[in-house]
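**Q** The following block contains a protein sequence and its predicted model.
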Amino acid sequence: MITKPKGTYDLYGTEGKLYSYISALVDEYMVNYNYSKIRTPIFESSELFHRGVGETTDIVTKETYDFQDRGGRSITLRPEGTAGVVRSFIENKMYGNKNDPIKMYYNGTMYRYERPQAGRFRELTQIGAEVFNSDEAATDAEVISLGYYILKDLGLENVVVKLNTLGDLESRKSYTDALVKYLKPKINDLCEDCQRRLETNPLRVLDCKFDAESDILKNVPKISGYLNKESQDRFNKLKDLLTMLDVDYEIDENIVRGLDYYDHDVWEYYLEDGSLALGGGGRYNNLVSTLGGPDIPAVGFAFGIDRIIALLKDRLSEKELETNIDAYIMAVSEEEKLYALKLSQDLRLNNIITEYTTNNLSLKSQFKIADSLNAKFLIILNNEDLQKGLINIKDNATKEETKIDESSIIDYLLSNI
Ligand code: AMP
């Protein structure tokens, strides 16, 4: 038997339904917020991620799937969605007149060579949104609240936004200097990755999964002490706006996000009682120009659908997991089965959820199937009735049976389901 690659899983059954449900709800939100769908390739030039996501991040240094294609090009399976969207934004010159926000969202698989464990896969699905052409705190507030209300509407009532700011370049520089000064004498007590990060990208030390609980990391200087006035004012404004939008947030100064491109506001979505992030985002004003485009500010977020599916599945009751259909058609003879094929199509085209079997099964077996599908109505065909243009229909709840004219079956079902 050939088995699936390590760190992947097959999405089907309940998980498949939940994925459709989440995607449909997100589509609705995106229509209301006026975001349009973008689909970019699952593989891109490796350079995009090295330049975009960053040479010093774990995602690029340790976790990418890189390969040479048959034409000798260096290709990477995308580890996240933003870099591809930005590449497309630049390549397709979507800048507009630089005053209009350009708002896009995506829903697709990402690939990270991580150590598989609960909630961590090598193929993961993310839904994300990006807004270009606005540097206002109000845009960040809109984007943060969009993600927050989607999660709430999915039934994750106790979602909370963990919020931080990385400030502007000047603030970040003075904070980084202070961080290096604090960490240097202690660095040998931290992991090898942290020792490397101190040299290449000191902010990343705050992101360390391994040393997160150590006193050294718990007592690091906080960014809030190093923000210049402009960055401080901007962050205060964002907090006021989130309060106005009824977004439940808390400040967490250890959130720096695992990617290189963020500045100003960064955040992650958590459940109050959960330890795994459901999603995260931030402002990335320099990424478009870093990737060769004009100087255009942007902000975005992404959530991991796999973790959300697992949470929703745990919360669903047996009842909610059941399949419920409107009508089950029963047929035994060849004539009845032909009739069932045509009738099922007519009902389905009228939005009546319908099932029947093409296999040769006894009526008894068909009753069993109808029960397992929780059919509201049973349509029990028989040749004699059909010749008179009649259909025998049974309400499966009341057990009442009636014969109705075949021309009124659709109206009958539509007014009773
Ligand atoms: P990130 O941009 O890395 O913070 O990822 C955003 C979200 O994607 C996370 O909050 C997770 O919900 C999800 N995610 C990231 N990596 C994985 C993974 N390896 N497996 C499953 N979900 C993931």
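**A** Happy to help now that I have it.
**Q** Residue of the chain closest to the ligand, please.
**A** G304 (2.3 Å; CB to the nearest ligand atom). Yep, even glycine has a C-beta here, placed from its N, CA and C like the rest.
**Q** OK, contacts around that residue?
**A** Going by CB atoms under 8 Å, 6 or more residues apart in numbering, G304 touches 119, 124-126, 277-279.
**Q** Need the phi and psi values for it.
**A** Taking degrees, to the nearest 10, you get phi -90, psi 120 for the backbone angles of G304.
**Q** Using neighbour counts, pick out the buried residues of stretch 38-55.
**A** Within stretch 38-55, the residues scored as buried using 16 or more other CB atoms under 10 Å are 38, 40, 43-44, 46, 48-54.
**Q** now that stretch: how far from the chain's centre is it?
**A** With CA atoms, centre = their mean, to the nearest Å as the basis, stretch 38-55 stands 19 Å off its chain's centre.
**Q** what pLDDT, on average, does it get?
**A** Averaged across stretch 38-55, pLDDT comes to 90.
**Q** what does it contact?
**A** By CB under 8 Å, 6+ apart, the surrounding residues in contact with stretch 38-55 are 59-61, 64, 66, 73-88, 104-106, 108-109, 111, 200-201, 259-261, 287, 290-291.
**Q** could you redo the last one with a cut-off of 6 Å?
**A** Outside stretch 38-55, the residues that touch it by CB atoms under 6 Å, 6 or more residues apart in numbering are 59-60, 66, 74-78, 83-85, 87-88, 104, 106, 259-260, 291.
**Q** likewise stretch 200-213?
**A** Residues from elsewhere that reach stretch 200-213, judged by CB under 6 Å, 6+ apart: 56, 176, 179-180, 190-191, 194, 197, 217, 254, 256, 258.
**Q** Let's see that with 8 Å instead.
**A** Residues outside stretch 200-213 that contact it (CB under 8 Å, 6+ apart) are 54-58, 166, 172, 176, 179-180, 183, 190-191, 193-194, 197-198, 217, 220, 254, 256-258, 260.
**Q** before we move on, back to that, please list only the buried members of the contacts of stretch 38-55.
**A** The neighbour-count test (16+ other CB under 10 Å) marks 59-60, 76-78, 83-85, 87-88, 104, 106, 259-260, 291 as buried among those.
**Q** Next to the ligand in this structure, residues from this structure, please.
**A** 80, 112, 114, 119-121, 124, 126, 258, 277-280, 302-304, 306-307 (CB under 6 Å from any ligand atom).
**Q** The same query, at a cut-off of 8 Å, please.
**A** 7, 59, 80, 110, 112, 114, 119-122, 124, 126, 257-259, 268-269, 276-281, 302-308 (CB under 8 Å from any ligand atom).
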